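Visitor: Okay, sequence plus prediction incoming.
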Amino acid sequence: MTQPCFMTMGELSAKLEAGEVTSEEAVLSYIERINSVDEKINAYVTVDREGAIEQARDADRLRASGSKGPLLGAPLAIKDLVTTRNLRTTCGSKILENFIPPHDAFVIEKLKQAGAVVLGKTNMDEFAMGSSTETSYFGPTRNPWDTDKIPGGSSGGSAAAVAADLCAAALGSDTGGSIRQPSALCGIVGLKPTYGLVSRFGLVAFASSLDQIGPMTKDVTDSAILLSAIAGHDPNDSTSADRPVDDYTAALDKGVSGMNIGVAEEYFTEGIDPEVDSSVRNAISVLKEQGANIKTVSLPHTKYAVPTYYVIAPAEASSNLARYDGVKYGYRSESPKGLMEMYKKTRMEGFGPEVKRRIMLGAYALSAGYYDAYYLKAQKVRTLIRNDFVDAFKEVSAIISPTTPAPAFGIGEKSDDPLQMYLSDIFTISCNLAGIPGLSLPCGFTSGGLPIGAQIQGDFFSEPTVLRVARALEKGLKLDGGKPAINQDG
Amino acid sequence: MKLSKEQVRHVATLARLELKDEEEERFSGQLSAILDYINQLEELDTDGIQPTSRALDVNNVFREDEVKARFDEGSWRSNAPSEEMDHFRVPKIIEG
């Protein structure tokens, strides 16, 4: 039998159900693999070895007494900005280096109720601000396919952990592409749900009108399983949608025959890498072969998404991150002379350069005399971007595009040029501004062996359709790019 | 558009950040470049367009104001940088 750590979550679940493997054995298999591989990629900030074994034994006991479920005993990794009770949650920042949350996030409560095991917390760009997982206080995460390359970000630790088989599946968060972009660059499946489908209670806030938690998994089926577990209304998050939760696995294999699927030329711009372009065009032809009607749609305001985002997200961040003042929790500068000095020195010493840059940008955009020119203007353009999608989804059920304009770039390559870094999210940001769901799945490889991702976007709350298109593509492409390099020498 | 070092210093104060000299210099250049890029939004005519502040139309979500024991008693204490007699301890607030 394959070692449990190399299985998809669905496969592991079937073996657990059949009694061929126990959750404790699975957890031990992951821990052994983390011990031997993670020093090369730094996917985890914290591994809860003892806690995970204890949770696995609990899951095995529950199963012995008749409990069932697709997540019972499944070892998961959680991005380190989702609070876990009594397990350190750092947000990749010095300012929260020693923060031990007193409560579980809503999604963690749901996962624990389903019997899942939390293996540990994954690395990320500091406060989710970045596209490469290089801004973490705990050092960069490396791409398992090529350790000289970035894994993408900000959920780069979760993406690398899934790709390198260091967990069965993971949770990430996505504010402008932070689930989908690293999923594309690490060759896994990542889903940003519709805004409001998954509670943000216990998700450390970055930009509250954009943030969503979502699954990062080895295949599309796992994505549907994990989404079914974490979706649902939560009175503790007033932006949580009060609507029934769909069964996301039910329609997975219904195919795309007769379905209208859109292609927007705005996503095939001149700066796009030729191998990415041809790989996604191949994916489109696969959908066509399966009976989908491919239609051209227009999303004319796409080019304004990045500038709109870099007003709205930093503005919300500058407000959200005001709470890190050295008073109630987190880092405090040593022996400051007065209150003001304590605030300023605590934040100077506690935050890294990218976080400071965004706080500054946001504070400027919201400051007296500039609010109308920047924040209000960006909110109006946000409406135009949203309307583009509303119009497009009158014609089609889903839109397919590249997830990123290029495959993974080198570590350090864009660190000194924030604007170039921001542009790596050019195809993922509109989705958050509009609030719709978006999924990235592997659709090919470059000649150098790096993964390429295709993005499927859908209408509000159309996750069943998005997952169904993704599953059809996954089946049709039959990708066999092998395993990441890290799996061969590790 | 060029953000001067003085403007950078003013915004840093608003944001309660103390910046080193070289950070002021670097942020002045980098923020100016980002703002130049953002200024392309001015090309768009947004007269009469309603601003979007959230993705979903959810308004006035009310619930009963009930006390619930979500956290273990005293759990705040273990994360406090400094505390004394059930209070957070901070440096002197009022001078003199």
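Guide: Noted; the coordinates are in hand. Residues are numbered from 1 along each chain as shown, chains lettered A, B, ... in the order given.
Visitor: Who is A:L203 paired with across the strands?
Guide: On the basis of DSSP bridges, A:L203 is bridged to A:V82.
Visitor: show me the contacts for it.
Guide: A:L81, A:V82, A:T83, A:A105, A:V107, A:S173, A:D211, A:I213 (C-beta atoms under 8 Å, 6 or more residues apart in numbering or on different chains). For the C-beta atoms, the positions are set from N, CA and C on the backbone; glycine is no exception.
Visitor: hmm, 10 Å instead?
Guide: A:79, A:81-83, A:105-107, A:128, A:171, A:173, A:211-213, A:237 (C-beta atoms under 10 Å, 6 or more residues apart in numbering or on different chains).
Visitor: What about residue 47, how many residues nearby?
Guide: Since no chain was named, I'll use chain A. By the criterion of other C-beta atoms under 10 Å in any protein chain shown, A:V47 has 20 neighbours.
Visitor: wait, chain B
Guide: If you count neighbours by other C-beta under 10 Å, B:D47 ends up with 6.
Visitor: Give me the distance between it and A:G458.
Guide: 31 Å (C-beta to C-beta, to the nearest Å).
Visitor: Looks like A:P75 contacts A:V162 (just checking).
Guide: No. Counting by C-beta atoms under 10 Å, A:P75 stays clear of A:V162, with 11.6 Å between them.
Visitor: Can you check what pLDDT the model gives the closest residue to A:L376 other than its chain neighbours?
Guide: Spatial nearest neighbour of A:L376, excluding adjacent residues (C-beta to C-beta, 6 or more residues apart in numbering or on different chains): B:P51 at 5.9 Å. We have a pLDDT of 95 for B:P51.
Visitor: what about B:P51, which helix or strand?
Guide: Element membership for B:P51, per DSSP states H and E: none, as it lies in no helix or strand.
Visitor: Now do the contacts for it.
Guide: Counted by C-beta under 10 Å, 6+ apart, B:P51 has contacts A:Y375, A:L376, A:K377, A:A378, A:Q379, A:K380, A:V381, A:R382, A:T383.
Visitor: Mind telling me what element the closest residue to the fourth one other than its chain neighbours is part of?
Guide: It stands for A:A378. The shortest distance from A:A378 to any non-neighbouring residue, by C-beta to C-beta, 6+ apart, is to A:V311 (3.7 Å). Using DSSP H and E, A:V311 sits within helix A:305-320.
Visitor: Check which residues of that helix are buried.
Guide: Along helix A:305-320, these residues count as buried under the neighbour rule (16 or more other C-beta atoms under 10 Å in any protein chain shown): A:305-320.
Visitor: Tell me how far it lies from the chain's centre.
Guide: 18 Å (C-alpha atoms, centre = their mean, to the nearest Å).
Visitor: and what of stretch A:362-380?
Guide: 28 Å.
Visitor: Show me the shaky parts of chain B.
Guide: By pLDDT under 70, the weakly predicted segments of chain B are B:1, B:95-96.
Visitor: at 80 what do you get?
Guide: For chain B, the stretches with pLDDT under 80 are B:1, B:57-59, B:69-74, B:94-96.
Visitor: Might you name the residue of it sitting closest to chain A?
Guide: B:A55 (2.3 Å; C-beta to the nearest C-beta).
Visitor: Need the mean per-residue confidence for the helix holding A:V311.
Guide: pLDDT averaged over helix A:305-320 gives 97.
Visitor: What segments of chain B are helices?
Guide: B:5-14, B:21-38 (DSSP state H).
Visitor: how much does the last one deviate in direction from helix A:305-320?
Guide: Going back to what we said before, that points to helix B:21-38. 130 degrees (axes from the mean of the first three to the mean of the last three C-alpha atoms, to 10 degrees).
Visitor: Most neighbours among the contacts of B:P51, please name it.
Guide: Top of the contacts of B:P51 by neighbour count (other C-beta under 10 Å): A:R382, with 30 neighbours.
Visitor: Excluding chain neighbours, what is closest to it?
Guide: B:T52 (4.3 Å).
Visitor: Just confirm that neighbour contacts A:I312, I think it does.
Guide: Yes. Contact criterion C-beta under 10 Å: B:T52 and A:I312 qualify, at 9.3 Å.
Visitor: how many other residues sit next to the residue nearest to A:R382?
Guide: Residues near B:T52, counting by other C-beta under 10 Å: 23.
Visitor: Over to A:K40?
Guide: Residues near A:K40, counting by other C-beta under 10 Å: 16.
Visitor: ok, now A:F99?
Guide: 18.
Visitor: dump the residue contacts of it.
Guide: Contacts of A:F99 (C-beta under 10 Å, 6+ apart): A:T83, A:R88, A:T89, A:T90, A:C91, A:S93, A:V204, A:Y329, A:G330, A:Y331, B:S78, B:N79.
Visitor: Which members of those residues are positioned in strands?
Guide: Counting by DSSP state E, no part of these is found in strands.
Visitor: just the residues you listed: which has the poorest pLDDT?
Guide: Minimum confidence in those sits at B:S78, scoring 88.
Visitor: shouldn't it be in contact with A:Y329?
Guide: Yes. Contact status for B:S78 versus A:Y329: in contact at 9.0 Å, counting by C-beta under 10 Å.
Visitor: Show me the common contact partners of the two, please.
Guide: Common neighbours of B:S78 and A:Y329, counting by C-beta under 10 Å, 6+ apart, are A:N98, A:F99, A:I100, A:P102.
Visitor: Among those, name the buried ones.
Guide: A:F99, A:I100, A:P102.
Visitor: Pick out the lowest-pLDDT one from these.
Guide: Lowest pLDDT within those is found at A:P102 (92).
Visitor: Within the helices and strands, which one has the residue nearest to A:S318 when sequence neighbours are not counted?
Guide: Nearest non-adjacent residue to A:S318, counting by C-beta to C-beta, 6+ apart: A:G362, 3.1 Å away. In the assignment (DSSP H and E), A:G362 maps to helix A:353-366.
Visitor: what's that helix packed up against?
Guide: Contacts defined by 3 or more C-beta pairs under 10 Å, 6 or more residues apart in numbering or on different chains; DSSP states H and E place helix A:353-366 against helix A:305-320, helix A:339-350, helix A:418-422, helix B:5-14, helix B:21-38.
Visitor: quick revisit: dump the contacts of A:F99 into a markdown table; add distance to A:F445 and neighbour count as well.
Guide: Formatted as a markdown table, the contacts of A:F99 follow (distance: C-beta to C-beta, whole Å; neighbours: other C-beta atoms under 10 Å in any protein chain shown):
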| residue | distance to A:F445 | neighbour count |
| --- | --- | --- |
| A:T83 | 36 | 23 |
| A:R88 | 36 | 17 |
| A:T89 | 35 | 22 |
| A:T90 | 33 | 24 |
| A:C91 | 32 | 31 |
| A:S93 | 34 | 28 |
| A:V204 | 34 | 25 |
| A:Y329 | 44 | 22 |
| A:G330 | 42 | 23 |
| A:Y331 | 42 | 20 |
| B:S78 | 47 | 14 |
| B:N79 | 45 | 16 |
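Visitor: Please convert these to JSON lines, extending it with distance to A:I41.
Guide: Output for the contacts of A:F99, formatted as JSON lines (distance: C-beta to C-beta, whole Å):
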{"residue": "A:T83", "distance to A:I41": "24"}
{"residue": "A:R88", "distance to A:I41": "20"}
{"residue": "A:T89", "distance to A:I41": "21"}
{"residue": "A:T90", "distance to A:I41": "18"}
{"residue": "A:C91", "distance to A:I41": "20"}
{"residue": "A:S93", "distance to A:I41": "20"}
{"residue": "A:V204", "distance to A:I41": "23"}
{"residue": "A:Y329", "distance to A:I41": "30"}
{"residue": "A:G330", "distance to A:I41": "27"}
{"residue": "A:Y331", "distance to A:I41": "27"}
{"residue": "B:S78", "distance to A:I41": "31"}
{"residue": "B:N79", "distance to A:I41": "30"}
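Visitor: Run through the residues that contact the residue nearest the centre of chain B.
Guide: Centroid-nearest residue in chain B: B:A15, 6.5 Å away (criterion: C-alpha atoms, centre = their mean). By C-beta under 10 Å, 6+ apart, the contact list for B:A15 reads A:318, A:321-322, A:343-344, A:347, A:351, A:356, A:359-364, A:366-367.
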